[in-house]
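Participant: Got a predicted structure here, sequence first:
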Amino acid sequence: MQRRHFLGRSAAASSLLALPTWLHAQTLEKPKLTIAVGGKNLLYYLPLTVAETLGYFKAEGLDVQIVDFAGGSQALRAVVGGSADVVSGAFEHTVNMQAKGQRLRAFALQGRAPQIVLAVNKKTMPNFKLVADLKGKKIGVTAPGSSTNVMANFVLAKAGLKPTDVSFIGVGATNAAIAAIRQGSIDALSHLDPVITILERAGDIRVVTDTRIVAEADKVFGGPMPAACLYAPQPFIDKNPNTVQALANAIVRADKWIQAAGPGEIIKVVPEGFLLNDRAVYIDAFLKSKPALSVDGLIPEQGAATALRALASVDPEIAKAQIDLGAVWTNEFAKKANAKYPKG
């Protein structure tokens, strides 16, 4: 009798342990989805890679396909065109697209500073002194219209130059960007790590503006400038709130894991191909970029206003547009994720 009672209680306990997983899976409106990203190998998107490789998406009941593009503007086009559900991309696209009639909202932060570096090519511009010297020059960006392009435009504007005063050339997110500098086919580069650290250590570039440094980013943009985040069309968020919450949970866990991780742990998690054949350089790049990565997935209160100022300074259409800043971001999901995973 006691044995039957024990077995009965054990069976009941087992069913209770299994129940939350079953219920969780049932509550996800869209467990299988696609995330578009522009340059997944970049440290800018490290939380996305960590969430994938450590199984955080799967732990939330999600089957996520990540589709990689050459730049953030192409990832944006994928979600606007309907071939992707969510974007892992630059925050300012949510502001930019509202001015064009597209309702996009950021809901989980990956980077609290842009981590973009504007640097000049020592080979083609050995006598560089001022940003104004870039007039008439060729500047490499991951892709035209991407966050690297936006940041370069903003720095140029502060020096009195218009976007049309230079030529922007898409060089992708990896080896092509390095080759473009070394071959002298571009005079400057607006890009991210690990590409910047590789060129910096080799003495190929001279850094002009470095937003891997949070204080410098705040100074450049006049306030906190949110960087990589997960964003999606508002109708997708409205229709799939539990799925969006699961995505936010995974990213917040990844943000916190990265802050607690050492370089050796990062190397084990990042795919070999992301290291660009030099682990030491990647570790150096990670240590430089780590302070600019989000610690909790929360978007700063003044972030949207900062992004709008930056965009408006180089785009007259955005300057004239009536932008509802409260509609381009929310911390609702990230706050719940922090409550669920207070320690990651």
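Facilitator: Nice, thanks for sending it over. Numbers count the residues shown, from 1 in each chain.

Participant: Can you tell me the centre-most residue of this protein?
Facilitator: Here the mean C-alpha position of the chain is nearest to the C-alpha of Ala228 (Cα atoms, centre = their mean), at a distance of 2.3 Å.

Participant: quick one: contacts for it?
Facilitator: The contact partners of Ala228, by Cβ atoms under 8 Å, 6 or more residues apart in numbering, come to 44-45, 47-48, 88-91, 109-111. C-beta coordinates here come from the backbone N, C-alpha and C atoms, glycine included.

Participant: Which of these fall in strands?
Facilitator: Cross-referencing the contacts of Ala228 with the strands (criterion: DSSP state E) gives 88-90, 109 as the overlap.

Participant: Output these in a markdown table; the columns should cover pLDDT and distance to Ile198.
Facilitator: Rendered in a markdown table, the data for the ones in strands among the contacts of Ala228 read as follows (pLDDT from 0 to 100; distance: Cβ to Cβ, whole Å):
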| residue | pLDDT | distance to Ile198 |
| --- | --- | --- |
| Ser88 | 98 | 23 |
| Gly89 | 97 | 23 |
| Ala90 | 96 | 22 |
| Leu109 | 98 | 26 |
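
Participant: Please report phi then psi for the spatially closest residue to Gln65 that is not a sequence neighbour.
Facilitator: For Gln65, the nearest residue in space outside its immediate sequence neighbours is Thr34; the separation is 4.8 Å by Cβ to Cβ, 6 or more residues apart in numbering. Backbone geometry at Thr34, expressed as degrees, to the nearest 10, gives phi -120, psi 130.

Participant: is it true that Thr34 touches Asp85?
Facilitator: Yes - checked against Cβ atoms under 8 Å, the pair Thr34 and Asp85 is within contact range at 5.3 Å.

Participant: Please identify which of those two sits among more neighbours.
Facilitator: Residue environment comparison for Thr34 versus Asp85 gives the larger neighbour count to Asp85, 22 against 15, counting by other Cβ atoms under 10 Å.

Participant: For the more buried one, give me phi and psi.
Facilitator: When quoted as degrees, to the nearest 10, the phi and psi of Asp85 stand at phi -90, psi -40.

Participant: Helix or strand: which one has the nearest residue to it once chain neighbours are set aside?
Facilitator: Nearest residue to Asp85, sequence neighbours excluded (Cβ to Cβ, 6+ apart): Leu33, at 4.3 Å. Element membership for Leu33 (DSSP states H and E) is strand 32-38.

Participant: just checking, what packs against that strand?
Facilitator: In this structure, strand 32-38 makes packing contacts with strand 63-69, helix 72-81, strand 86-90, judged by 3 or more Cβ pairs under 8 Å, 6 or more residues apart in numbering; DSSP states H and E.

Participant: what's the most buried one of the ones you listed?
Facilitator: Counting by mean count of other Cβ atoms under 10 Å, strand 86-90 has the highest mean neighbour count of the helices and strands packed on strand 32-38, with a mean of 31.

Participant: Parallel or antiparallel, which strands does it pair with?
Facilitator: Strand 86-90 has the following sheet partners, assigned by DSSP bridges: strand 32-38 (parallel), strand 228-233 (antiparallel).

Participant: I'd like to know which of these is closest to Ala152.
Facilitator: Proximity to Ala152 (Cβ to Cβ) singles out strand 32-38 among the strands paired with strand 86-90, at 15.6 Å.

Participant: Okay, buried residues for that closest one please.
Facilitator: By neighbour count with 16 or more other Cβ atoms under 10 Å, strand 32-38 contains the buried residues 33, 35-38.

Participant: do stretch 180-188 as well
Facilitator: By neighbour count with 16+ other Cβ under 10 Å, stretch 180-188 contains the buried residues 180-181, 186-188.

Participant: how about those residues in JSON lines, adding secondary structure?
Facilitator: JSON lines is the format used below for the buried residues of stretch 180-188 (DSSP: H, G, I helix; E, B strand; the rest coil):
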{"residue": "Ala180", "secondary structure": "helix"}
{"residue": "Ile181", "secondary structure": "helix"}
{"residue": "Ile186", "secondary structure": "coil"}
{"residue": "Asp187", "secondary structure": "coil"}
{"residue": "Ala188", "secondary structure": "strand"}
